[in-house]
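Engineer: sequence and predicted structure are below.
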Amino acid sequence: MDVRIGITQTPKEIELELGDGVDRDKLVKEIDAALGSPDGILWLTDRRGRRIGIPSGKVAYVEIGTSTDDRRVGFGAH
């Protein structure tokens with residue numbers, strides 16, 4: 001599962017690839033809980049086991065997708 005997080009006051013996004021066994025509904029609840037407090041920290045663990053913490057006050061948006069989403073690059077992309 002792929003997660004993209006937009007950060008306020010910067011055009012860059014944080015992109016994470018989470019493990020295949022991640023429960024989407026549980027992840028959404030964890031994100032809601034972390035972002036519910038302006039002083040909270042959103043902690044996510046990527047597929048390689050790295051833990052990433054983002055201050056909730058800096059999160060502009062969170063996009064949750066699947067690892068199977070089409071990613072077309074190049075001249076043949078439609």
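Structural biologist: Sure thing, it's come through. Not measured: the values here are computed from a predicted model. Numbers count the residues shown, from 1 in each chain.

Engineer: distance between the ends of stretch 32-48?
Structural biologist: Across stretch 32-48, the terminal residues are separated by 24 Å (Cα to Cα, to the nearest Å).

Engineer: just the buried residues of it, please?
Structural biologist: Ala34, Leu35, Leu42, Leu44 (16 or more other Cβ atoms under 10 Å). (Each C-beta comes from the backbone N, C-alpha and C, glycine too.)

Engineer: look up how far Ser56 lies from Gly21.
Structural biologist: Note on Gly21: its distance to Ser56, by Cβ to Cβ, to the nearest Å, is 25 Å.

Engineer: please apply the same query to Ile41.
Structural biologist: Taking Cβ to Cβ, one finds Ile41 at 6 Å from Ser56.

Engineer: list residues touching both of the two?
Structural biologist: Ala34 (Cβ atoms under 8 Å, 6 or more residues apart in numbering).

Engineer: about what we covered before: Asp2: which of the buried residues of stretch 32-48 is nearest?
Structural biologist: Leu44 (11.4 Å; Cβ to Cβ).

Engineer: now that closest one. Nearest residue, chain neighbours left out?
Structural biologist: Spatial nearest neighbour of Leu44, chain neighbours left out: Ile52 (5.3 Å); criterion: Cβ to Cβ, 6 or more residues apart in numbering.

Engineer: more crowded one of Gly21 and Ser56?
Structural biologist: Neighbours were counted for Gly21 and for Ser56 using other Cβ atoms under 10 Å; Ser56 has more, 17 against 6.

Engineer: for Gly49, see how far away the closest residue to that one other than its chain neighbours is.
Structural biologist: Distances taken as Cβ to Cβ, 6+ apart place Gly40 nearest to Ser56, at 4.1 Å, with adjacent residues excluded. Distance, Gly40 to Gly49, by Cβ to Cβ: 22 Å.

Engineer: all set now, cheers.
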